[in-house]
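Student: just a sequence and a predicted model for now, questions to come.
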Amino acid sequence: MTGQDNVRAHGASAGQPCGLRVDDATVTYRNGHTALRSASFEIPAGTITALVGVNGSGKSTLFKAIMGFVRLARGRVEVLGMPAPQALRRRLVAYVPQSEDVDWNFPVLVEDVVMMGRYGHMNLLRRPKAADRQAVDTALVRVGMNALRTRQIGELSGGQKKRVFLARALAQDARVILLDEPFTGVDVTTEDAIIELLGQLRNEGRVMLVSTHNLGSVPEFCDRAVLLNRTVLAHGPTSQVFTRANLQAAFGGVLRHFMLSETDERRAQSVGIFSDDERPLVFYGETATPREPGTHSRQQSS
Ligand SMILES: Nc1ncnc2c1ncn2[C@@H]1O[C@H](COP(=O)(O)OP(=O)(O)OP(=O)(O)O)[C@@H](O)[C@H]1O
């Protein structure tokens, strides 16, 4: 292996193995619409990365391409240094879908949904062993859903359903977890619980790619960000990607952007508030400011 190959296999960041590498990914749907064109980025393991962009910018398409649900017309995806299909066969990747993508009328218990995460660890008869039951128990406790384990999945609230799907990913012991808008329709307490859990998973060396419209939460819990608009506009550490110029390029007229005059002389600079639907992002000068711990500032819909 050459020095360059070594960097490719183990990621660009010194000391951190490459978690996910998307190279020149292009997806064209059957109706001829190219939802993603030449998208390229890479993220190291042990990180949480935000995937941010307007409605229709290709976030779900990117997830589906990584999962092999839609075909790449061009390009490739590598997971943990191996081609994505190999990583998928080894059940190293889990997808936590948007609520709308799931048929909630399907009669299945919460604990059965989480057990589905164990299928790849079982033989063809799919008879759970003690280790499988243990993994399900642990996952349900970690997401705070153990008390509701014998409920029908369709009887849960939106936030509870999301936690069940996250538990399924944990039971699977996925090293790479793709979360499609995990905070939509979720109260702030649940959002904080999910963020706390994602932090623990990062410390275990896993890779999380999280699509979200909560711009204000991104600097708070995401190490990195990928800005998408049918291709990758910017990617890298959040502090470098979340600039006014990049956000304006990604969101254009869609983003609500307010400039406030600052009366406090200590902050005699412009204050900008960027909002894409949910929790707003506040800029003092050119710096995005994470929310202070314990404070919540969800924007009311206008
Ligand atoms: N099965 C499909 N066939 C044709 N076009 C599709 C299909 N699925 C998505 N698209 C189109 O591809 C584009 C990207 O859709 P995608 O769902 O990836 O966007 P998104 O960024 O996840 O949006 P949102 O923020 O609304 O969830 C959109 O223009 C959408 O209409």
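Tutor: Thanks, I have the structure now.
Student: output the below-cut-off pLDDT ranges for the chain.
Tutor: 1-17, 99-104, 253-273, 276-279, 284-287, 289-302 (pLDDT under 70).
Student: write out the residues of it neighbouring the ligand.
Tutor: Within the chain, the positions lying close to the ligand (C-beta under 6 Å from any ligand atom) are 29, 31, 33, 35, 53, 55-61. Heads up, the C-betas are built off the backbone N, CA and C, glycines and all.
Student: most neighbours, which of those?
Tutor: In terms of neighbours by other C-beta atoms under 10 Å, the residues of the chain next to the ligand top out with K59 at 26 neighbours.
Student: surely that one touches N229?
Tutor: No - K59 is not in contact with N229 according to C-beta atoms under 8 Å; the separation is 10.1 Å.
Student: give me the subset of the residues of the chain next to the ligand lying in helices.
Tutor: Mapping the residues of the chain next to the ligand onto helices (DSSP state H) picks out 59-61.
Student: hmm, back to that, now for the residues of the chain next to the ligand: which two are most distant?
Tutor: N31 and G53 (20.6 Å; C-beta to C-beta).
Student: coming back round to it: residues that sit against both of K59 and N229, list them.
Tutor: Contact criterion C-beta atoms under 8 Å, 6 or more residues apart in numbering; residues shared by K59 and N229: G53.
Student: and G144, which of the three is it?
Tutor: Following DSSP: H, G, I helix; E, B strand; the rest coil, G144 is assigned to coil.
Student: thought it was touching V164?
Tutor: No - using C-beta under 8 Å, G144 makes no contact with V164, being 10.6 Å away.
Student: these two: who's more crowded?
Tutor: More crowded of G144 and V164, by other C-beta under 10 Å: V164, with 23 against 15.
Student: L178: what's it in contact with?
Tutor: Taking C-beta under 8 Å, 6+ apart, one finds 63, 66-67, 93-96, 208-209 in contact with L178.
Student: of all these, which two lie farthest apart?
Tutor: Maximum pairwise distance in these, criterion C-beta to C-beta, is 14.7 Å, between M67 and M208.
Student: tell me which of the two has more neighbours.
Tutor: Set M67 next to M208 and count neighbours by other C-beta under 10 Å: M208 wins out with 28 against 16.
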